[in-house]
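Visitor: Following is a predicted model, sequence given first.
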Amino acid sequence: QVRLVESGGGLVQAGGSLRLSCAASGRTFSSYTFSTYTMGWFRQAPGKEREFVAAITWRTDYADSVKGRFTISRDNAKNTVYLQMNSLKPEDTAVYYCAVRQGIVSRRFSEYDYWGQGTQVTVSS
């Protein structure tokens, strides 16, 4: 099976920064296979639907709401994907989830196969 574990969430003031990490493990995840998978970040605020934030394969994709503020990256040797979040706003407050899929970058959460448990990000004004 595939296991994804997020970390790095917390409470930060508006304008601050956080870096989320997501470590992937499982019998299917050698460093090579990890490098071929699409890794995505999604978020869900209370009372709202889960929404796409960013995704990465050999290219990256960002939601318009985070473009220019967030950066997704990966370290294939560590089977880890990161989300650097700068200039945080109160509307960024949500539970952030890491997900993985085979295939190209996608913004649809239904197309991702495995999910982490989520990490809370709270931005105070």
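Guide: The structure has been received and is ready for your questions. Numbers count the residues shown, from 1 in each chain.

Visitor: and Trp115, bridged to which residues?
Guide: With DSSP bridges applied, Trp115 shows beta-bridge pairing to Ala99.

Visitor: Neighbours of it, how many?
Guide: Each residue near Trp115 was counted by other C-beta atoms under 10 Å, and the total is 17. For glycine as for every other residue, the C-beta is placed from the backbone atoms N, C-alpha and C.

Visitor: show me the contacts for it.
Guide: Shown in contact with Trp115 (C-beta atoms under 8 Å, 6 or more residues apart in numbering): Leu4, Tyr97, Cys98, Ala99.

Visitor: any chance of these in a markdown table, plus distance to Arg108, pLDDT and neighbour count?
Guide: Formatted as a markdown table, those follow (distance: C-beta to C-beta, whole Å; pLDDT from 0 to 100; neighbours: other C-beta atoms under 10 Å):
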| residue | distance to Arg108 | pLDDT | neighbour count |
| --- | --- | --- | --- |
| Leu4 | 18 | 95 | 22 |
| Tyr97 | 14 | 98 | 23 |
| Cys98 | 16 | 97 | 28 |
| Ala99 | 11 | 97 | 23 |
